[in-house]
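S.K.: dropping the sequence and predicted coords here.
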Amino acid sequence: MLRFDQLVRPGMLVREVRVRHPECVPVLERFGFRESCDDCSIEQVARKYGFDPMEIVAELNAALSSQGREKAPD
């Protein structure tokens, strides 16, 4: 399980998510988050494109959780 400080939050900059959590990049791309959006928060970009910010945050955190399970030792 991820600690709170490891979770993606709506106020985080897209650039911060890309750098700290590269496993989230496919999710960002699926929602249309381009590099020109990197200096905006996830919430700002989500609202700009008409998405629920919490839905995107949930999917980003799910990507982090699934990546953590794949790396976990047997």
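M.R.: Received, thanks.
S.K.: all contacts plus neighbour counts: C-alpha atoms, from now on.
M.R.: Fine.
S.K.: find the centremost residue of this structure, please.
M.R.: residue 60 (3.8 Å; Cα atoms, centre = their mean).
S.K.: any idea which element that one lies in?
M.R.: Element membership of residue 60 [criterion: DSSP states H and E] is helix 53-71.
S.K.: other SSEs contacting that helix?
M.R.: With contacts taken as 3 or more Cα pairs under 8 Å, 6 or more residues apart in numbering; DSSP states H and E, helix 53-71 sits against helix 25-30, helix 42-48.
S.K.: pipe the ones you listed into a markdown table and attach mean pLDDT, distance to residue 3 and mean neighbour count per row.
M.R.: As requested, the helices and strands packed on helix 53-71 are arranged in a markdown table below (pLDDT from 0 to 100; distance: least, Cα to Cα, whole Å; neighbours: other Cα atoms under 10 Å):
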| stretch | mean pLDDT | distance to residue 3 | mean neighbour count |
| --- | --- | --- | --- |
| helix 25-30 | 96 | 20 | 15 |
| helix 42-48 | 96 | 19 | 18 |
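S.K.: how about these in a markdown table, adding distance to residue 12?
M.R.: Output for the helices and strands packed on helix 53-71, formatted as a markdown table (distance: least, Cα to Cα, whole Å):
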| stretch | distance to residue 12 |
| --- | --- |
| helix 25-30 | 13 |
| helix 42-48 | 6 |
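S.K.: give the contact list for the residue nearest to the centre of the chain.
M.R.: Residue 60 makes contact with 8, 24, 27, 28 under the criterion Cα atoms under 8 Å, 6 or more residues apart in numbering.
S.K.: let me know the average pLDDT across stretch 10-24.
M.R.: The average pLDDT within stretch 10-24 is 96.
S.K.: list the buried residues of that stretch.
M.R.: 10, 12, 13, 14, 15, 16, 17, 18, 21, 23, 24 (16 or more other Cα atoms under 10 Å).
S.K.: need the residues that contact that stretch.
M.R.: 8, 25, 35, 37-43, 53-54, 57, 60, 63-64, 67.
S.K.: quick revisit: closest to residue 4 out of the helices and strands packed on helix 53-71?
M.R.: For these, the distance to residue 4 is smallest for helix 42-48, at 17.0 Å, taking Cα to Cα.
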